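>>> Build the 3D model from these lines:
(chains A, B, C and D)
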Number of protein chains: 2
Amino acid sequence: MFSIGELSKRTKVKVPTIRYYEEMGLLSEPERTEGNQRRYDAAGLERLSFIKHARDLGFSIEAITKLIELQGHPDRSCQAATDIAVSQLYDVRAKIKRLRALEKELVRISKGCDGDGVSEDCYVLASLADHQLCRHEH
Amino acid sequence: MFSIGELSKRTKVKVPTIRYYEEMGLLSEPERTEGNQRRYDAAGLERLSFIKHARDLGFSIEAITKLIELQGHPDRSCQAATDIAVSQLYDVRAKIKRLRALEKELVRISKGCDGDGVSEDCYVLASLADHQLCRHEH
DNA sequence: TGTAATGTCTCTAGTGACTAGAGGATCAAG
DNA sequence: CTTGATCCTCTAGTCACTAGAGACATTACA
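Numbers count the residues shown, from 1 in each chain, chains lettered A, B, ... in the order given. Purely as a prediction, here's the structure:
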């Protein structure tokens, strides 16, 4: 049995965040000491590690809630879990695509201006003011 | 002179968002009709187009505020504008890098499980539960 | 000119996933 | 038994909006 601070250290999830997860229903309410402090066991640690890992992979709290629900029903099809992971993958790929377009545009804008002149003639500002100057869609 | 709805249509920025930008000081307060409704002119349209374009490129409200300030002082060096654009570029590149790592991991996780079995044996869930199964850092 | 539909106003509250801080209680070590 | 670290709850703040209520203004058409 260990305290919330100890759990925090082991999982690298900050203390207020742990309490937040509990409030959101991701973590079940742990036992308490007589003085009302939370005490966790191995199961709590495991659960929080799962959540942390999924958050690091960009899963939303909502998606994680569903995944946890599936863990709790080992008899259910794992199609649902796979679906969530695949949808997360699509999401990530869409974000990458968009960011790459932005990257190109920003490179172009930054290169156009050597930062030498006065802002009146600044290509960065001109580019932002006039979408027509853009080479790509974004 | 046109209404906030008209401005919204032309810039594709939603009406409440326009009001929000005004509140944040990005847009100066426009004239009003006798009935207290906002009326914009070409300058307002131009300014909002600038903001929209910068937001689409991922600049924060704070960064845009600085850029607008520079626009207002055409005598100042444009180094500052270039700096903001370059820093935005680094930001975008860092995000891309991170997302690519996530993509790899998600592909691996999704492929490991064909969604056929029950969730007890689901590789997706197992991967999330056990960080050790990961091939990459994230 | 009357009226109905649409647009606009301000204000408050909600989103997601936390983070920060106040003010007080509890715990573990010496 | 005291001290200092940790813990408790609660409220409010972050960012960039979005949604909704209830009231007022404008516009199009008969």
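>>> how far away is the residue nearest to the spatial centre of chain A from chain B?
When Cα atoms, centre = their mean is applied to chain A, the residue found nearest the centroid is residue A:58 (3.7 Å). According to Cβ to the nearest Cβ, to the nearest Å, residue A:58 stands 6 Å off from chain B. Quick note: C-beta positions are derived from backbone N, CA and C, even for glycine.
>>> Next: residue A:70.
Distance, residue A:70 to chain B, using Cβ to the nearest Cβ: 5 Å.
>>> host element of that residue?
If you go by DSSP states H and E, residue A:70 is part of helix A:61-71.
>>> what about the following helix or strand past that helix, near DNA strand D?
Sequence-wise, the next helix or strand downstream of helix A:61-71 (DSSP H and E) is helix A:79-112. No - Helix A:79-112 lies apart from DNA strand D when judged by Cβ under 7 Å from any atom of the strand; the minimum separation is 14.4 Å.
>>> Which positions within helix A:79-112 qualify as buried?
Neighbour-count burial for helix A:79-112 flags A:79-82, A:84-86, A:88-89, A:91-93, A:95-96, A:99-100, A:102-103, A:105-106, A:109-110 (criterion: 16 or more other Cβ atoms under 10 Å in any protein chain shown).
>>> just to revisit the earlier point, my guess is the residue nearest to the centre of chain A meets residue B:103, correct?
No - the pair residue A:58 / residue B:103 is not scored as a contact, 9.9 Å apart, by Cβ atoms under 8 Å.
>>> Overlap of the contact sets of these two?
Common neighbours of residue A:58 and residue B:103 (criterion: Cβ atoms under 8 Å, 6 or more residues apart in numbering or on different chains): residue A:92.
>>> DNA strand D contacts on chain A?
A:3-6, A:8, A:15-16, A:19, A:36-38.
>>> Give me the distance from the helix holding residue A:70 to the chain's centre.
Distance of helix A:61-71 from its chain centroid, counting by Cα atoms, centre = their mean, to the nearest Å, is 15 Å.
>>> what does that helix contact?
Contacts of helix A:61-71 (Cβ under 8 Å, 6+ apart): A:24-26, A:47, A:50-51, A:54-55, A:59, A:76, A:78, A:80-81, A:84, A:88, B:119, B:122, B:124-125, B:128-129.
>>> Many thanks, I have nothing further to ask.
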